[in-house]
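1. One predicted model, sequence on top.
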Amino acid sequence: MKKNLSDFELIQKFKEGEQSCFEELIRRYKNKVYAYIGMYIHDQALAEDIFQDTFLKVIQSVKAGKYSDDGRFLPWVIRIAHNLIIDHFRRLKQLNVVLNDDYESDLFNLKSLADENVEDSMIRVQIRKDVRNLIGQLPEDQREVVILRHYTGLSFKEIADITGVSINTALGRMRYALINMRKMMQEKQISLTFY
Amino acid sequence: MVLPVNLTSTQLISFRNINTDEVDIYDDAWGFASEFTDVLDFLGTIDAEPPSAATEKLLELISKKL
């Protein structure tokens, strides 16, 4: 029943006291929000913390009347997640912490790994590492567009709004990103058939 | 015999009948999906789902907060 309601209707009902309506919003967007966070934060425990903080902050803001609906709930949530990620990196910088990516635990789909044999699991972990490395090597402005478009499913209009550029610039960045990634895949001889 | 045009020609559909709900027209116009299938397929090999424990913990936190 709640599945048929729009984001706006769910938020309205949540404001009126129906907690389950917010749970539906979480169910609707949890994967996209988590994917976005996971592309920047490689430590699983930390990514989970930011994931939870994001939705708690969303609730706080909705309750405080800071959300004005214009049909853009997900971009708004992504912006909150983005700010929390920035806060995290700012804190690290203040503490002079050096990041070591070897330490990262695998963030994506650990559940599915449990059903696979060791060899398949290793291949999957390697693919994820390759994908993340590929995206990580892009210039920041291109990386952001790829993550927002591919992993959170935002439209180019929404991406343009979030990143503060024109739609054409966002499209151009996406195109350059895809060209660059193809080049890197060829250089590193990565292809899906390899796996 | 000459048939009326509307019986012999391709039926036109109106703009309203084109379903663009799940389509980003800009993406479509720039043809990313067709030109970069290999790269997009590779990006699609990972799909992130938060561990169920993380979602459950979040719902628990929300219940406490409200």
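-> Received, thanks.

2. Residue A:79: how many residues sit nearby?
-> Counted by other C-beta atoms under 10 Å in any protein chain shown, the residues lying close to residue A:79 total 14. The C-beta positions use only the backbone N, C-alpha and C, and glycine is treated the same way.

3. Not counting its neighbours along the chain, what's nearest it?
-> residue A:162 (6.1 Å; C-beta to C-beta, 6 or more residues apart in numbering or on different chains).

4. Packing partners of the helix or strand encompassing that neighbour?
-> Applying DSSP states H and E as the criterion places residue A:162 in helix A:156-163. Judged by 3 or more C-beta pairs under 8 Å, 6 or more residues apart in numbering or on different chains; DSSP states H and E, the packing partners of helix A:156-163 are helix A:73-95, helix A:140-146, helix A:167-187, helix B:25-30.

5. count of neighbours near residue A:3?
-> 8.

6. go on, residue B:28?
-> 12.

7. ditto for residue A:88
-> 17.

8. what's it in contact with, if anything?
-> A:41, A:46, A:50 (C-beta atoms under 8 Å, 6 or more residues apart in numbering or on different chains).

9. what do you get for residue A:68?
-> Contacts of residue A:68 (C-beta under 8 Å, 6+ apart): none.

10. SS state for it?
-> coil (DSSP: H, G, I helix; E, B strand; the rest coil).

11. Serialize the helices and strands packed on helix A:156-163 to CSV and add fields for mean pLDDT.
-> Shown next, in CSV, are the helices and strands packed on helix A:156-163 (pLDDT from 0 to 100):
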stretch, mean pLDDT
helix A:73-95, 90
helix A:140-146, 95
helix A:167-187, 94
helix B:25-30, 84
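
12. Check the separation of the first and last residues in stretch A:131-142.
-> 15 Å (C-alpha to C-alpha, to the nearest Å).

13. Pull the distance from that stretch to the chain's centre.
-> Averaging C-alpha positions (C-alpha atoms, centre = their mean, to the nearest Å) puts stretch A:131-142 14 Å from its chain's average.

14. Can that stretch be said to contact chain B?
-> Yes - judged by C-beta under 8 Å from any C-beta of the partner chain, stretch A:131-142 and chain B are in contact via A:131, A:132, A:134, A:135.

15. Please enumerate the helices of chain B.
-> All helices of chain B, identified by DSSP state H, fall at B:5-8, B:25-30, B:32-35, B:37-43, B:52-65.
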